[in-house]
Structure formats: structure tokens, C-alpha cells
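Colleague: Sequence below, structure please.
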Amino acid sequence: MPKFFDTASLKVRLTVGIATMTALGLGGLATWISMGMEQMLVATHKQNMNYIAHRFPQDVEIYSEMIPLMEGAQRAIDSLSTADKLIWIKDAQNKVIAKSPTLNQLEIWGTLLSVNDVALIPQVKDLKGNYWLMCVMPLKVKNQNLGQLYLAHNITQDQVMFRDLIRSLAIATMVLITAMTGIIAVYIHRAMAPLKRISQLTAMISAEQLDQAYINLEQAPTEVKELAETVDQMLIRLSAAWEHQRKLLSDVSHELRTPLTIISGYLQSILRRSQNLSEMQREALTTAASEAERTVQLLQDLLDLARLDSNNMQFQNENILLNDLIQEVVGMAKQYGDRKIDLELISDLIVIKADNHRLKQVLLNLIDNALKYSEANTPITIKLDSQNQQAIIQVCDRGIGISLQQQGRIFERFFRVDEARNRSGGTGLGLSIVKTLVEGMGGTITVRSELNQGSTFTLIFPLLTSNQR
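Modeller: Numbers count the residues shown, from 1 in each chain. Here you go, the predicted structure:
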């Protein structure tokens, strides 16, 4: 199951990367705009203050032609001052000798007058939450040094308006980044859909479907189409290789089975007339006959698998009374050994549609498997029941059992649960053939097992009703 946020996903990486670049771009643009606006706002006020600073000595000089110099300076302050533009003059002893009439009416007039680090170039000062643009310059009129001229402009309202504008700009930027991230995510999701489609199609392709597999992506981008075409070509090559392998397996198995069957027959014939053989010769011939028979069985299993893989295995499905068939199979199994096999059959007649010969092969294989992997003194139980319009056959043993990890591989080809039993005559193909045969007849097979407790193989077939018989 895919993670909700997989950092290794190309889709997530592209979305995060593009969204990050978009956020940086929009954030940088918003920052640049806000800085430019602030500089423009302050620059306008600075120009106004520079104009006043250069005009003030001239006004004082004009006024002083008619009245005393300090009265002229006060008259110039009165004419240039406004509610938000304040002017005052300090003498050499840092004493205020002239000031704007409205200065004393301000709550922070003392703070304004006590600011010492005022520069020649206008700078913004934060004074108790109020923003003042302040500067100072020497005041010299008619070659007479009057002291220092202080200019202060209250830009609090403009600054607050600017801060509100910046806040609105920041919110708009965040909303825009979020919206663009969503749009980018949707776009990338749709752009990556063809790749996901390829993944889904290839995940559903089995070895038996290689010759029919084809990835058709008409609306995909050119690069994805090229990838799909490459995958199609690979599937064609795999199909050809798989078909060649199946044909080779079938041909080799068929060619080897006949001579090995003859060899096994000769060995069995010699063993039956073994009066003139020594003990060592008899043992060697017995081993050779056993291995020849085992090899013949392996070749037969390989032939069956080759037919199943190539769909050449024909099923002659017919109505089968399971009650009678299971009793017949158990009787056949008892002929090859003295092991106890218990039957638990319900009294109701259970009829299914299946291949009589193949179903016997399946049951005999499961019984043989149960006998091999359980102790000689423990019985095997065959159960027959029906539930929910399904026939249920169970083959139970009390053997070594199968670990949970191995249960997922039990039906794989050449897989054995107990490697120590490799010489027991098994080929590792029996359960794989069983599963393929059962599914070919429309049934299913499952296994439930515990270590050292035994295993239960369950076959399920659709039950035929009286109307279907």
C-alpha cells in the first residue's frame, strides 16, 4: 500500500521542488516590492525635509531684515511647521532656543528633544510606537552660527498604512503559493498518470499473458510513449524467450522420459531375478532403479507443467459425486502403504463439475505429500463438507508443519519445506501442479499450518445444485 507522503516518490519530489521554487520566487518578488515601496515612501519625505532644511536659512535671513535674528528664526519655524512637521533649534549649550508651537502639545515632545543620535541624513526613529523621520544640520545665517537645526516628520500613519499593505501582500502571497502548489500537484499527478498506468499494467502481466500484453498510451507525452514502446518490445522478447523455454522443456522431457522409462523397466526386471546378484550389486541396482523412477516422475511433472503453461492441458469436466470419488482415492492410496487414513464424510451427496482423472491426481498428490511429512504412526484425515453452495475437501496431517513465512511459497515450483527430505522422492513440483490443476477446474486451494502441529490443505469447488445436474 503506497504511503500518503512518500519522500522517495518522483511526484512528491517534483511537487515539493517546483512549489519551493515558486514560493521563493513569489516571496522574493513580494519582498522586493515591499522594500521598493518603503524606500519610495521614505524617499519622498526625505526630499521634503531636505527642501525645508535648505530653505530655512534663507527664510530666516529674509525675516531678519525686518526683525531681530532669533525672532526671524521663530517666524520661519512658524511658517514651515505643520501638525506632523516639527522644527526646533538648539544652541551650543544644547538648549532649545526656538521651536514649533505645536511641539509642547505632543505627549512625546520630551522624547523628541532628548534624541541625541540624530544624523545629517534623515533617518526613521521608533519613539514609543510612533515613527519619526529626523535629521539635524548646522544653522548659519549672515555668518552667524545659531546652533543646530532639528527637523522631525511624523510618518506614523504612513508607516502603519505601509505595514497593513505589507501584511495584506504577505497573506495574498501565501494564498497564491498555496493555490499554485495545489495546481502544481494536480498537474504533476496527471502528468505522472501514464507512468502509473504502465506500472499497473506491467504488475498484472503474468508469464502466461506475455504474448497478449500490450501497453497502449495514446494521450501520453512523447517520452512516456517511447517508454511504453520500449516495454512492449521487451514483453515481446520475453514472450518469445518464454515460449522457447516451454517448448524446450516439453521436448527435452518428452525425449528423456521414454529411454528412462525403458531403463527403469530393465532395472526392475533385473531386480526381480536377483538370485545371482551379490548384496552390493542388489543395493546398487535398487538405488539406480529408485533414481530412474524418480527422474521419470520429475519428467512427467515437467511435461504436465509445460502442457499447463501452454494451455494444452485439456480438462474433461463432468459431474462427479465426491463421496464416492474420495473413497476410491483413499482405497488407491492404501494399496501403496499401510498408513491409516481416516475419512470424515457428510451423509449428503456432494456433486461438483470437474475432471475425474485430474481430481484424483490432485488428491493422491496431497495424500502422498501428507504421508511424506508426517510420522509413520500418525493417521491422515480426509474431510468432505459443504458450506454456502461450495464443496470443501480437506487433507489433514499431524506432521512437521509449515512456517508462516514458507506458507506463502508452498505452491512455488521446486520449493520444498524440509530440505533434509530431498531424497524422499519428491520433485518440488507436486503442489505447483496441484494448484494449477485445481484452478484449471474452477476451484481454489489454500493451506493452514503450524510448526510441529500439522498442515491442512483445503480444496473448494462450486457445488452443483439438483437443477444443474
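
Colleague: use CA for all of it now, contacts and neighbours both
Modeller: Noted.

Colleague: quick one: Pro194 from Leu201, how far?
Modeller: From Pro194 across to Leu201, the span is 10 Å (CA to CA, to the nearest Å).

Colleague: Show me which of the two is the more surrounded one.
Modeller: Between Pro194 and Leu201, counted using other CA atoms under 10 Å, the more crowded position is Pro194 (20 against 14).

Colleague: Now the helix or strand hosting that one: average pLDDT?
Modeller: Assigned by DSSP states H and E, Pro194 falls within helix 156-204. When pLDDT is averaged along helix 156-204, the result is 81.

Colleague: roughly how far is the helix or strand just after it from the heart of the chain?
Modeller: Remark: after helix 156-204, the chain's next helix or strand is helix 222-272, criterion DSSP H and E. Remark: helix 222-272 is offset 37 Å from the chain centroid, using CA atoms, centre = their mean, to the nearest Å.

Colleague: relative to helix 156-204, how tilted is helix 222-272?
Modeller: Between the axes of helix 222-272 and helix 156-204, defined by axes from the mean of the first three to the mean of the last three CA atoms, to 10 degrees, the angle is 30 degrees.

Colleague: now whatever helix or strand comes next after helix 222-272 and helix 222-272, what's the angle there?
Modeller: As assigned by DSSP H and E, the chain's next helix or strand after helix 222-272 is helix 279-309. Direction vectors for helix 279-309 and helix 222-272, defined by the same axes, to 10 degrees, enclose an angle of 150 degrees.

Colleague: Any idea how far the helix holding Pro194 is from the middle of the chain?
Modeller: 21 Å.

Colleague: got it, and stretch 133-147?
Modeller: 74 Å.

Colleague: tell me the mean pLDDT for that stretch?
Modeller: On average, stretch 133-147 scores 87.

Colleague: Can you measure across it, start residue to end residue?
Modeller: 20 Å.

Colleague: Leu384 - that's part of a strand, no?
Modeller: Yes. Secondary structure assignment places Leu384 in a strand (DSSP: H, G, I helix; E, B strand; the rest coil).

Colleague: For it, give me the pLDDT.
Modeller: So Leu384 comes in at 93 (pLDDT).

Colleague: Just to check, it is in contact with Asp348?
Modeller: No. Using CA atoms under 8 Å, Leu384 is not in contact with Asp348, being 10.0 Å away.

Colleague: Compare those two and say which one has the larger neighbour count.
Modeller: Taking other CA under 10 Å, Leu384 and Asp348 do not tie; Leu384 has more neighbours (21 against 10).

Colleague: Would you mind stating the distance between the more buried one and Leu431?
Modeller: 20 Å.

Colleague: do Leu303 as well
Modeller: For Leu303, the distance to Leu431 - CA to CA - is 15 Å.

Colleague: before we move on, what about Val231?
Modeller: Applying CA to CA to Val231 and Leu431 gives a distance of 33 Å.

Colleague: How about the secondary structure of the residue located most distally from the centre of the chain?
Modeller: Largest separation from the mean C-alpha position in the chain: Met66, at 89.4 Å (CA atoms, centre = their mean). Using three-state DSSP, the structure places Met66 in coil.

Colleague: Ok, Glu318 next?
Modeller: Going by three-state DSSP: Glu318 is strand.
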